[in-house]
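Visitor: what would the 3D arrangement of this be:
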Amino acid sequence: MPNSVELPPSPPTRPLAQQNESLPLNTDPSSSGTPFPAEPSSAPILVTGEGGHSLLTDYLLGPGDQIRTDIIGYEAFAWAVTQRVVLSDGTLRLPLVGTVVAAGKTLDALEADITELLSRELVSPQVDLSLVSLRPVVVNVSGDVYRPGPVQLGSLTQAQTNIAAGNSLTTTTNTPTLTAALAAAGGIRHTADVRQVVVRRRLATGQIAEYQVDLWRALVGESNLGVLVMSDGDAVYVPQASADTDIDPGLLSRSSIAPTNVRVRVIGDGVVRPGEVQVQPNSSVSGALAAAGGPNADADLGEVRLVRLLANGQVSEQTIDLSNLVDTHQIQDGDVVLVPKRAGLVAIDNFNRAVGPVLAPITGMLGILNLFGLFD
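Guide: Predicted coordinates:
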């Protein structure tokens, strides 16, 4: 028999609304205050909750899931054991039953539906369903991230085989977690408020559940959120932090939810290789300069300027002394670092540009006369 992957049974819990009975139910999703699209007027009740533990909800089937069906007591028949994939229209086609709608149902609910349909053809059928493989998870990430939009993550049963050193094979699975979704969206921006990350999920009851997750407490070691597994169709929103939010940007830029690199333009006559460079988000101005080849012999390191476009649209400019090639100014995506040439050299360049057109005819004439050996 082929191997199958069975999901562990969910621990007995109270209904979600009872779990969060201290929080009021909101019958108007548009008044929830979150920047998600408002649900239509016929939308179900919006249930709110706090904490990552609430994300442990029942798995809902969808297109791409592979399901094994065992009809107990009829194993002698070939049709008693089948494996089918949920089609793109959300249906599943089985022997004796025909087409069954599987998308949006839990495994137990689909098992009950198939048992009822088989009861019309068989005597007291007992159906056992198991998940062989899970579909990839698609999550929509919006808000203060670098690349908002839908991102596709792996599934809990999607394995990836790699060839390691010594030609040995290693197999790993990529769990579709919340942090993986943020990383796939390019990472969070330095202005993100990771204390109030919002996750919205449609439940098996048709309700839309909304959860607020404080990732900052996990970053500073104050809490263990566990593995926050995403479900297909989840929506994640990362708000922008207010000016008085107490979040260390240095720690945030070193975290696993930060982007791998940020883009900085290093320009000026004092740079070896001026242009756009990519550096780690926790890099300093001197680190960005080093990525551009470092300063040349003409650089005025005492007058390096950092130009930054602020969130309100204004441009900030700051002069930094890099004479020791060390600084504590953290770089941000889109920054411009200007390294000028020393003032004395600039004056010489200006003089050469001013007198160059005047001396050009004379220099040319002297060159012609030198061809005839008049100066020998």
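Visitor: ok now do residue 216, which residues does it touch?
Guide: The neighbours of residue 216, taking C-beta atoms under 8 Å, 6 or more residues apart in numbering as the test, are 194, 195, 247. In this view, the C-beta of every residue, glycine as well, is placed from N, C-alpha and C.
Visitor: if you average the pLDDT over stretch 223-243, what comes out?
Guide: Mean per-residue pLDDT for stretch 223-243: 85.
Visitor: list the buried residues for it?
Guide: Neighbour-count burial for stretch 223-243 flags 225, 228-232, 234-239, 241 (criterion: 16 or more other C-beta atoms under 10 Å).
Visitor: which helix or strand contains the most centrally placed residue in the chain?
Guide: Centroid check for the chain by C-alpha atoms, centre = their mean gives residue 182 as the closest residue, at 2.4 Å. Using DSSP states H and E, residue 182 maps to helix 178-184.
Visitor: tell me which residues are up against that helix.
Guide: Residues outside helix 178-184 that contact it (C-beta under 8 Å, 6+ apart) are 52, 55, 139, 141, 145, 151-153, 174, 188, 197, 199, 213, 215, 228, 230, 234, 236, 238, 256-257.
Visitor: for the stretch 151-300 of the chain, what spans make up the strands?
Guide: 159-163, 169-173, 197-202, 208-213, 235-238, 262-267, 275-279 (DSSP state E, counting those that start in this stretch).
Visitor: distance of residue 230 relative to residue 141?
Guide: 10 Å (C-beta to C-beta, to the nearest Å).
Visitor: which residues are common contacts for the two?
Guide: 181, 236.
Visitor: list the buried residues in stretch 94-104.
Guide: 94, 96, 97, 100, 102, 103.
Visitor: how far away from the center of its chain is that stretch?
Guide: In terms of C-alpha atoms, centre = their mean, to the nearest Å, the centre of stretch 94-104 is found 35 Å from the chain centre.
Visitor: what's next to it, contact-wise?
Guide: Counting by C-beta under 8 Å, 6+ apart, 60-63, 65, 67, 69, 79, 82, 84, 86, 89-93, 110, 113-114, 117-118, 121-122, 204 sit against stretch 94-104.
Visitor: gap between the two ends of that stretch?
Guide: 18 Å (C-alpha to C-alpha, to the nearest Å).
Visitor: now it: average pLDDT?
Guide: On average, stretch 94-104 scores 89.
Visitor: and residue 310, what does it touch?
Guide: By C-beta under 8 Å, 6+ apart, the neighbours of residue 310 are residue 316.
Visitor: quick one: pLDDT of it?
Guide: 82.
Visitor: coming back round to it: and the contacts of stretch 94-104, which of them are in helices?
Guide: 110, 113, 114, 117, 118 (DSSP state H).
Visitor: returning to what we had before: buried ones among the contacts of helix 178-184?
Guide: 52, 55, 139, 141, 145, 151, 153, 188, 197, 199, 213, 215, 228, 230, 234, 236, 238, 257.
Visitor: pLDDT-wise, which helix or strand of the chain ranks last?
Guide: helix 16-19 (a mean of 33; mean pLDDT, DSSP states H and E).
Visitor: hang on, the earlier thing: now the contacts of residue 216 as JSON lines including pLDDT, distance to residue 324 and neighbour count?
Guide: JSON lines is the format used below for the contacts of residue 216 (pLDDT from 0 to 100; distance: C-beta to C-beta, whole Å; neighbours: other C-beta atoms under 10 Å):
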{"residue": "194", "pLDDT": "91", "distance to residue 324": "34", "neighbour count": "23"}
{"residue": "195", "pLDDT": "90", "distance to residue 324": "36", "neighbour count": "17"}
{"residue": "247", "pLDDT": "82", "distance to residue 324": "29", "neighbour count": "17"}
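Visitor: could those go into TSV alongside distance to residue 263?
Guide: Below are these laid out as TSV (distance: C-beta to C-beta, whole Å):
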residue	distance to residue 263
194	22
195	27
247	22
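Visitor: so residue 264 makes contact with residue 280?
Guide: No - counting by C-beta atoms under 8 Å, residue 264 stays clear of residue 280, with 10.7 Å between them.
Visitor: looking at these two, which is more packed in?
Guide: Legend: neighbour count by other C-beta atoms under 10 Å for residue 264 and residue 280, higher for residue 264 (24 against 15).
Visitor: quick one: that one from residue 291, how far?
Guide: Taking C-beta to C-beta, one finds residue 264 at 8 Å from residue 291.
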